[in-house]
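**Q** Build the 3D model from these lines:
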Amino acid sequence: MEIVKTVNEWKDLMKPALDSKTSEFKLMGYSQATGDDIWDCLVQKVWKGNPTKRLHEVTQDIFHLASNLYMSYLTVNAYQENDDLMASIAALTGGQTEETKQ
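**A** Numbers count the residues shown, from 1 in each chain. Model prediction:
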């Protein structure tokens, strides 16, 4: 009998796999890699939400996550955070930032 759960229900069991993937990325030079970032990347880029999967499928997705997809995810998130920061600054300054003053 195969057990199917949502990926978020498998997360606690995936800590060893996430730790292994984190170590792999760190060995490749990505010193800021974390298990949470890897999980979030999978949710947003690979699974696109919280689909149902079998344990071996979730494990396989973790181990097959390519470093270029992970770095793309981090880059997009960094730009989104920068945009959110600029919007917050504009709201506090009445819409005036250094970029809009010029």
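**Q** contacts and neighbour counts: CA atoms only from here.
**A** Fine.
**Q** in what helix or strand does the residue most central in space within the chain lie?
**A** Nearest to the geometric centre of the chain sits Cys41, at 2.7 Å (CA atoms, centre = their mean). Using DSSP states H and E, Cys41 sits within helix 35-41.
**Q** Just the buried residues of that helix, please?
**A** The neighbour-count check on helix 35-41 (16 or more other CA atoms under 10 Å) flags 35, 37-41 as buried.
**Q** which two from these end up farthest apart in space?
**A** Gly35 and Cys41 (9.8 Å; CA to CA).
**Q** Who are the packing partners of the helix or strand just after the helix holding Cys41?
**A** Using DSSP H and E, the helix or strand that follows helix 35-41 in sequence is strand 52-54. Strand 52-54 is packed against strand 4-6, with contacts defined by 3 or more CA pairs under 8 Å, 6 or more residues apart in numbering; DSSP states H and E.
**Q** Relative to the strand it packs on, what are the paired strands and their orientations?
**A** The sheet places strand 4-6 alongside strand 52-54 (antiparallel), with pairing taken from DSSP bridges.
**Q** Sweet, I'm off.
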